[in-house]
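Student: dropping a prediction and its sequence here:
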Amino acid sequence: MSWFDLAGRDLIAETEWTKEEYDVAMKVTDQLKGAYYSRKAHPYLEHKTFAMMFFAGSTRTRMSFETAMTQLGGHAQFINPQTMRLSLEDKPGAGETVKDTAEAMARYCDGIGIRLLDDGVQYYGHGDLVMRRFAEHARVPVINMASDINHPCQSLTDLYTMQEKLGCVKKKKIVIMWAYSPWIRGWCSVQGTALLSSMYGMDVVVAHPKEYDLDPKVMAECRALSSQSGGSFEVTNHLDKALDGATVVFPRNWFTKDRYTIGKEKEAEIAKRYTDWKYTAERQKKLCAPGYLLQCMPVDRGNEADPEVCDNALSWILDQAENRLHTQKGILVLTMGGRL
């Protein structure tokens, strides 16, 4: 592959880019992060516009993309879809179609980012479907800023952070664990990180109570990637056994496969059965080796992880949050045609 092959490319699911392409993205990220800390201007996307459609709210995603485009010399345009005439239903009278919206937007901008997940969708897979319909009709790159299935910008950041901290991540053990929280959240972050960790040969363990199976298709992709990369992949319902010897731990709440039929109240009732599923300071000290905290935030302190775990020397969460800025710059520069 050539670096130029990434120009104009969409990034919707982690598996759409190869390991070699992610290697390129992280190499460019290193250069851009170096420029950031040396205060060297890097306006590689001067006069370019990235349109950001936020069907769902965010903190880090919006700020990091807007800051990235500003530092790259371009403009990030925030769009609230509720203020548009867009309809996600293709039928007369419902509103403007995705096709017409995407084709028109592509005349104004150089890339489109879409965030559509959790309460913003009607069923699992809906957000992914909408993004792919935009990508079908927009003649500019479409970047997934979080869907109901995947979150490639976050998962690349997680991988980049682990490589930055550990060097080679191959055969390092990462535990992606369900953790109790009354916040009812989706699958994209944990699934995305499981995919890229598997692609890079890590020993990946997904630990959750029996009700919290993730997407079987994604889990199958993780197993296949692990087999190809020389890593390992395991799913277990035994938390402490999973944490034994963990290099990295990613504690995160997610909902059951029945979320869109049983509703959030029932989800909260199920979650209350497992309030002991949390990443505690005791578990970190007794079981892990050493159990660095990887968490995409927002983290539910006291539920998903003890405050001590969030704030001690083994916590990477703030470096991880910062790295969203740098990895997304790499993605934007490569896909929107910048040249270093």
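Tutor: Sure, I can see it.
Student: next one: the host helix or strand of Gln320 to chain centre, how far?
Tutor: Per DSSP states H and E: Gln320 is located in helix 317-335. Relative to the centre of its chain, helix 317-335 is centred 11 Å away, using C-alpha atoms, centre = their mean, to the nearest Å.
Student: quick check: mean pLDDT of it?
Tutor: Here helix 317-335 scores 98 as its mean pLDDT.
Student: enumerate the positions of it that are buried.
Tutor: By neighbour count on 16 or more other C-beta atoms under 10 Å, the buried set for helix 317-335 is 317, 320-321, 323-335. In short, each C-beta sits where N, CA and C put it, glycine included.
Student: only the C-alpha atoms, please, for that helix, written as PDB.
Tutor: Output in PDB follows, covering the C-alpha atoms of helix 317-335 (Å, rounded to 0.1, in the frame of the first residue of the first chain):
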ATOM      1  CA  ILE A 317      -6.900   8.400  31.000                       C
ATOM      2  CA  LEU A 318      -5.800  12.000  30.600                       C
ATOM      3  CA  ASP A 319      -2.900  11.100  28.200                       C
ATOM      4  CA  GLN A 320      -5.400   9.000  26.300                       C
ATOM      5  CA  ALA A 321      -7.900  11.800  26.100                       C
ATOM      6  CA  GLU A 322      -5.200  14.200  24.800                       C
ATOM      7  CA  ASN A 323      -4.200  11.600  22.200                       C
ATOM      8  CA  ARG A 324      -7.600  11.900  20.500                       C
ATOM      9  CA  LEU A 325      -6.400  15.300  19.300                       C
ATOM     10  CA  HIS A 326      -3.200  13.900  17.700                       C
ATOM     11  CA  THR A 327      -4.500  10.600  16.200                       C
ATOM     12  CA  GLN A 328      -7.500  12.400  14.700                       C
ATOM     13  CA  LYS A 329      -5.100  14.900  13.100                       C
ATOM     14  CA  GLY A 330      -3.400  12.000  11.500                       C
ATOM     15  CA  ILE A 331      -6.700  10.600  10.200                       C
ATOM     16  CA  LEU A 332      -7.800  14.000   8.900                       C
ATOM     17  CA  VAL A 333      -4.500  14.800   7.200                       C
ATOM     18  CA  LEU A 334      -4.300  11.400   5.500                       C
ATOM     19  CA  THR A 335      -7.900  11.100   4.400                       C
END
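Student: can you tell me how far Ala13 is from Pro152?
Tutor: Noted for Ala13: a distance of 7 Å to Pro152, by C-beta to C-beta, to the nearest Å.
Student: number of nearby residues for the residue lying closest to Tyr260 once chain neighbours are set aside?
Tutor: Spatial nearest neighbour of Tyr260, excluding adjacent residues (C-beta to C-beta, 6 or more residues apart in numbering): Tyr123 at 5.1 Å. If you count neighbours by other C-beta atoms under 10 Å, Tyr123 ends up with 11.
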